[in-house]
Structures are given as structure tokens and as C-alpha cells.
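Peer 1: Fold the following, please.
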Amino acid sequence: MIFYRQSFILYSLFKIHNSIKKMLAIKLRQIGKKHQKTFRIVVAEKRSKMSAVIDDLGFWNPHTNKFEIKKEKVEHWLKNGAQPTDSVHNILINAKAIEGKKIPMHKTPVKTEETPKPETTPETASVA
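Peer 2: Sure thing, here's the model as predicted:
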């Protein structure tokens, strides 16, 4: 009898754990060889790199800058709360699947103003 209760509790905890909504992201998944990389645009868990793909939305080839995106599926997942990564966001804007501004991908260094150093002239230099 005790074993039955323990297994029922474990089963109910497993059921509750799987019912919790997980953060989904529309991200790039790399396929292809080392120097011939292409990417699939997929919906997967946000924090996991090797998680199972939930849905396939298209592909992107960075060498030829060719892409194919299923716009209906993208709209469906965006309505259901999936967040695109910065790279995917820019690709979706190029494909006109969504509207908005592109997100800058490179961090620009903050330039600080340098104070000019006083130049030494031969007159001010000490003679030894």
C-alpha cells in the first residue's frame, strides 16, 4: 500500500512539472558542415542549447543570404509568447514576417574624451 502511494505522489508531481509553461524562443539551430553552416529557424526552450525542437519555421543560409520562413507559423508562435532571439528578429524583419526596427548586434565601444597632453618643447625641456 505504501508503494502505491509513493508512486502516485511521484506520478502527480511529474504531471504538475510537465504542465508548467516553459519559456519558448525562436532561435537558430546550426546544421551543415564546419565551413558550410546553414541554420534552421526553430521554436525551442529558451535556456537549453540541445533541447528538442518543438516546431520548424524555416531556414537561413548566411553564405548566400537566402532564407525561407513560414510566416503563418511565426505569427502563431509570436502570439503564443515565443520570443525571437536578436539574430532571428533581424531575419524576420528582412523576410517581412514582422515589422519594426532591427536590433544592433555589435556592441559599440564607448569613446571617452581624452585630455590633450601638454607637449614638451625644446625650450621647456631641461638641459642636462
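Peer 1: So for the most centrally placed residue in the chain, what's the nearest residue that isn't a sequence neighbour?
Peer 2: Closest to where the C-alpha atoms of the chain average out (Cα atoms, centre = their mean) is Thr85, at 3.0 Å. The shortest distance from Thr85 to any non-neighbouring residue, by Cβ to Cβ, 6 or more residues apart in numbering, is to Lys27 (4.9 Å). Quick note: C-beta positions are derived from backbone N, CA and C, even for glycine.
Peer 1: circling back: let's see the pLDDT reported for the residue nearest to the centre of the chain.
Peer 2: If you check Thr85, the pLDDT there is 91.
Peer 1: one step back: which pLDDT does the model give the residue nearest to Thr85?
Peer 2: pLDDT, Lys27: 92.
Peer 1: quick one, phi psi at it?
Peer 2: phi -140, psi 170 (degrees, to the nearest 10).
Peer 1: shouldn't it be in contact with Arg47?
Peer 2: No: using Cβ atoms under 8 Å, Lys27 makes no contact with Arg47, being 10.9 Å away.
Peer 1: and the two? which has more neighbours close in?
Peer 2: Lys27 (23 against 9; other Cβ atoms under 10 Å).
Peer 1: For Leu78, see how far away that one is.
Peer 2: 13 Å (Cβ to Cβ, to the nearest Å).
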